[in-house]
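A.B. asks: sequence? don't have it. structure:
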């Protein structure tokens, strides 16, 4: 009996100790994975580090290892530009943080992931509060402000750091980003001159070339006009074939301003001339975006129809647009608009445009990002007997495009879009192809350059129907002064 009691006690002791020993073993294994992950980060191997930190989380660590594994995984994912995973890791780590310093560090990482996910309002709300005491937070808040078009706020966030931001003290990346965003915010607040040129030719022999010269003036003063920007410009365009030509000149002025933090109002007004015909040009737009997930826009515009025959017949068009967009998680954005066009020749057109764009995903280990875009449009015209511009009674088109974006040294970027689709013109179907390449960046730190070249066979105002093809090049130079 005594031996049986001793055996029972030993069994009970061993049974009770088993979970404790297992927990200690799990904690030990998780701690080893965390140490290995940190060593991989120090060795600049973020993919390997991420595997170790996720393995640690798979062992359900306790104590401080819970936050260490999540913060480590967030840092590694951030290095790999996996912003969705970064966001999740830092969101899980934030409630576990026990010190103000840990909470601030996690919130800065969360803001950076939100900027990477193109959620600037949410990022700004987190980082702006921390900016006075953290250069890293100031960088993320300024990045978000610039994405929202808030150049003044960005400049203020970076204007007076509590201590000099240097590579020795804060690291090379942070010092470089701080200086770059300071320069970008100053660039946007300066007055600037823009010179643009465009040339196009189609398979019908129509050649188009035009120049635009504009001067922009950044926000000045305070009060309601503190965020207003102004523009004056001149647009010169020539359309020509072997048999005819048309030249037009348009002078315009414009203003745009914020309405609170969610609205933006813009307007443009001017006069155009073709021969002895003088016509008004203008546009009015209102954009409302209360958050990162959705927005809406209203617009109205009046312009001349830019074809040789339409200009000779003095045909103008008035366009009214209502649009909205909605983000579907972090994967895609759905945007659509309805429009009505009233032509001065009595024709009326009702149409719709649909766009679905995926978020750009970075190819691991490269600076290349890839994405996809679906585009569709359709319209119905009230008249079939008009002369001077492309006007089927019924038109519809759909096109699927691949988008590639490659970051280059010195803040340059090249972007390419290749699309395949199909259009139907009064019931007659035809395949469509479009391609465009764009290079943008700065020269000498001040001159902003944009170069563009493309090809397309989708119908436009000057189209003559199926089989139409058009190629184009364009460049724009912006210089602050």
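C.D. replies: Arrived safely, thanks for sending. These figures come from a predicted structure and were not determined experimentally.

A.B. asks: mind checking which helix or strand the closest residue in space to residue 362 that isn't next to it in sequence is in?
C.D. replies: Sequence neighbours aside, residue 81 is the residue nearest to residue 362 in space, at 4.3 Å (criterion: C-beta to C-beta, 6 or more residues apart in numbering). Yep, even glycine has a C-beta here, placed from its N, CA and C like the rest. Assessed by DSSP states H and E, residue 81 sits outside every helix and strand.

A.B. asks: Run through the helices of the stretch 51-200 of the chain in chain order.
C.D. replies: For the stretch 51-200 of the chain, the helices defined by DSSP state H, counting those that start in this stretch occupy 65-79, 83-93, 100-116, 120-130, 135-147, 151-159, 167-170, 172-189.

A.B. asks: out of those helices, nearest to residue 422?
C.D. replies: Ranking the helices of the stretch 51-200 of the chain by proximity to residue 422 (C-beta to C-beta) places helix 83-93 first, at 33.4 Å.

A.B. asks: who's in contact with the closest one?
C.D. replies: If you take C-beta atoms under 8 Å, 6 or more residues apart in numbering as the criterion, helix 83-93 is touched by 67, 70-71, 73-74, 77-78, 106-107, 109-110, 112-114, 116-117, 330.

A.B. asks: Stretch 189-199 now?
C.D. replies: For stretch 189-199, the surrounding residues in contact (C-beta under 8 Å, 6+ apart) are 151-152, 155, 207-219, 233, 472-481.

A.B. asks: next one: stretch 109-116
C.D. replies: Residues from elsewhere that reach stretch 109-116 (C-beta under 8 Å, 6+ apart): 71, 74-75, 78, 81, 83-84, 86-87, 90-91, 94, 120, 122-124, 126-127, 137, 140-141, 143-144, 147.

A.B. asks: Show me which residues of that stretch are buried.
C.D. replies: Within stretch 109-116, the residues that count as buried by 16 or more other C-beta atoms under 10 Å are 109-116.

A.B. asks: got it, and stretch 406-415?
C.D. replies: Of all the residues in stretch 406-415, those buried under the rule 16+ other C-beta under 10 Å are 406, 414-415.

A.B. asks: and those as CSV, adding pLDDT?
C.D. replies: Formatted as CSV, these follow (pLDDT from 0 to 100):
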residue, pLDDT
406, 93
414, 97
415, 97
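
A.B. asks: Looking at these, which one is closest to residue 237?
C.D. replies: residue 415 (25.5 Å).

A.B. asks: my guess is that closest one meets residue 438, correct?
C.D. replies: Yes - if you go by C-beta atoms under 8 Å, residue 415 and residue 438 touch, sitting 4.7 Å apart.

A.B. asks: Share the number of residues neighbouring residue 381, please.
C.D. replies: Neighbour count of residue 381, defined by other C-beta atoms under 10 Å: 20.

A.B. asks: Ignore what I typed, I meant residue 62.
C.D. replies: For residue 62, the neighbour count with other C-beta under 10 Å is 12.

A.B. asks: so where is the stretch 101-250 of the chain shaky, pLDDT-wise?
C.D. replies: Residues of the stretch 101-250 of the chain meeting the criterion pLDDT under 70: 160-162, 220-225.

A.B. asks: pLDDT score assigned to residue 11?
C.D. replies: In this model, residue 11 is scored at 31, pLDDT.

A.B. asks: brain fart, residue 386
C.D. replies: 89.

A.B. asks: pretty sure it is in a helix, no?
C.D. replies: No - using DSSP: H, G, I helix; E, B strand; the rest coil, the assignment for residue 386 is coil, not a helix.

A.B. asks: Hmm, it is touching residue 348, no?
C.D. replies: No - using C-beta under 8 Å, residue 386 is not in contact with residue 348, being 10.7 Å away.

A.B. asks: ok, the two, which is more surrounded?
C.D. replies: For the pair residue 386 and residue 348, the greater number of neighbours falls to residue 386 (17 against 13), based on other C-beta under 10 Å.

A.B. asks: Find the nearest non-adjacent residue to the residue most central in space within the chain, please.
C.D. replies: Residue closest to the mean C-alpha point of the chain, counted by C-alpha atoms, centre = their mean, is residue 118 at 6.8 Å. Using C-beta to C-beta, 6+ apart and skipping the chain neighbours, the partner closest in space to residue 118 is residue 359 (7.1 Å).

A.B. asks: Look up phi and psi at that neighbour.
C.D. replies: Backbone dihedrals for residue 359, given as degrees, to the nearest 10, come out at phi -70, psi 140.

A.B. asks: how close does it sit to residue 293?
C.D. replies: Look at residue 359 and residue 293: by C-beta to C-beta, to the nearest Å, they are 13 Å apart.

A.B. asks: repeat for residue 357
C.D. replies: Going from residue 357 to residue 293 by C-beta to C-beta gives 15 Å.

A.B. asks: cool, and residue 201?
C.D. replies: Residue 201 is 42 Å from residue 293, where distance means C-beta to C-beta.

A.B. asks: what's the answer for residue 40, then?
C.D. replies: To residue 293, residue 40 is 36 Å away according to C-beta to C-beta.

A.B. asks: What of residue 448?
C.D. replies: Residue 448 is 30 Å from residue 293, by C-beta to C-beta.

A.B. asks: and what of residue 45?
C.D. replies: Residue 45 sits 36 Å away from residue 293, going by C-beta to C-beta.

A.B. asks: Please name the bridge partners of residue 433.
C.D. replies: Beta bridges link residue 433 to residue 420 when assigned by DSSP bridges.

A.B. asks: Around residue 108, how many other residues sit close by?
C.D. replies: By the measure other C-beta under 10 Å, the count of residues near residue 108 is 23.

A.B. asks: Give me the neighbour count for residue 226.
C.D. replies: Neighbours of residue 226 (other C-beta under 10 Å): 12.

A.B. asks: So it sits against residue 151, correct?
C.D. replies: No - Residue 226 is beyond contact range of residue 151, at 11.3 Å (criterion: C-beta under 8 Å).

A.B. asks: list the residues that contact both of these two?
C.D. replies: Joint contacts of residue 226 and residue 151 (C-beta under 8 Å, 6+ apart) are residue 219.

A.B. asks: what residues are up against residue 33?
C.D. replies: 52-53, 55-56, 59, 69.

A.B. asks: So which of the residues you listed sit within strands?
C.D. replies: Among those, no member is found in strands (DSSP state E).

A.B. asks: Quick one, which of those has the minimum pLDDT?
C.D. replies: Among those, residue 59 has the weakest pLDDT, 83.

A.B. asks: helix or strand for the closest residue to that residue other than its chain neighbours, which one?
C.D. replies: Spatial nearest neighbour of residue 59, excluding adjacent residues (C-beta to C-beta, 6+ apart): residue 30 at 4.3 Å. For residue 30, the enclosing helix or strand under DSSP H and E is helix 2-42.

A.B. asks: again with residue 268
C.D. replies: strand 263-274.

A.B. asks: which other helices and strands contact that strand?
C.D. replies: Applying 3 or more C-beta pairs under 8 Å, 6 or more residues apart in numbering; DSSP states H and E, one finds that strand 263-274 contacts strand 245-259, strand 277-288, strand 294-304.

A.B. asks: residues contacting residue 366?
C.D. replies: Here residue 366 is in contact with no residue (C-beta under 8 Å, 6+ apart).
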